[in-house]
Structure formats: C-alpha cells, structure tokens
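In: The following comprises the amino acid sequence and a computationally predicted model.
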Amino acid sequence: MLVDQAMTAQPIVAFATTTIREVLRLMLDGHVRHLPIVEGKVLVGIVSIHDLRALIPRGLADVSHPEGVQRVLEEPVSKIMNANPITVQAKVELKKAVDLLLDHKIGALPVVEPVSMKLIGILSYVDALRVARAFL
C-alpha cells in the first residue's frame, strides 16, 4: 500500500503569519493534532499540539498576567512551528512512512510533491492505525 491510499488529502492548513490563537482554534475545531503551515500551496512548516503545549511555560500558565497570555496568543505561528518537517511523498510505501513516524517519534508526516514541496496531504498515526485495523 502507498501513502496516498492512507493519507488525509486536503488537510486543514495555516500560514506562517496566522496567529497562535487562530492555529489553536483551527486545530480544536478540526479535531487535529498537527497542522501544516504553507505559503500558497508550498509546505513551509508544521505545528503540533505539543508545540502549543510548550507555550505554557512562556506565559499561558500565568493567569495572573492575562496581558502576557494575550501577547503570546497573538504571535505568528512561525515563532513556534517546525520549519524543517520530515516529509514523505505520495507514492512511497506506507511501511516506509510508518517507519519514519516511529524512528523520529512524530505523529504526522506532511505529504508533498517532489521538488516543488507542494502540500497534497498529511499522513498521521491515526491514518496508519486505520489501515492497520483492517488487518486485525
């Protein structure tokens, strides 16, 4: 089986200039834990729920200073995104993609076109588990 048979096509995305507040809203509303960041249709990064959790020490935990919380939430996601995500191509064997997820201890791989880095989907661990369920 190939990645394009298991991936989520046309994933929810954000731009590098999107605020952290809006990214959080997109992730919560879309029930996703990983959000590709694009410029046009080209992948420039990814942000995960773990990246958002890392904000807590920066100010979200200190509710006695709500202005600090507001300031953090209004920053662009480019401040916290991974600008060099591990990616996979659509015609790669799913086993190789799962190995990447496991080896790098990550929850999702943006699926991109070769050379152009145009985002065409995302393969999450949930997508891989859906495929695995058919064999149980």
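Out: That came through fine. Numbering: from 1, shown residues only.
In: Low-confidence regions, this protein specifically.
Out: Low-confidence segments of the chain (pLDDT under 70): 56-68.
In: which residues in it form helices?
Out: 20-30, 49-53, 66-73, 94-104, 125-133 (DSSP state H).
In: out of these, nearest to Met7?
Out: Taking Cβ to Cβ, helix 125-133 is the member of the helices of the chain nearest to Met7, at 6.0 Å. To be clear about C-beta, it is placed using only N, CA and C from the backbone, and glycine gets the same treatment.
In: Was I right to think Thr18 contacts Ile80?
Out: No - under the criterion of Cβ atoms under 8 Å, Thr18 makes no contact with Ile80, lying 11.3 Å away.
In: ok so, going back, just put the helices of the chain in JSON lines and tack on mean neighbour count and distance to Leu2.
Out: Conversion of these to JSON lines gives the following (neighbours: other Cβ atoms under 10 Å; distance: least, Cβ to Cβ, whole Å):
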{"stretch": "helix 20-30", "mean neighbour count": "16", "distance to Leu2": "25"}
{"stretch": "helix 49-53", "mean neighbour count": "15", "distance to Leu2": "27"}
{"stretch": "helix 66-73", "mean neighbour count": "14", "distance to Leu2": "39"}
{"stretch": "helix 94-104", "mean neighbour count": "15", "distance to Leu2": "6"}
{"stretch": "helix 125-133", "mean neighbour count": "15", "distance to Leu2": "11"}
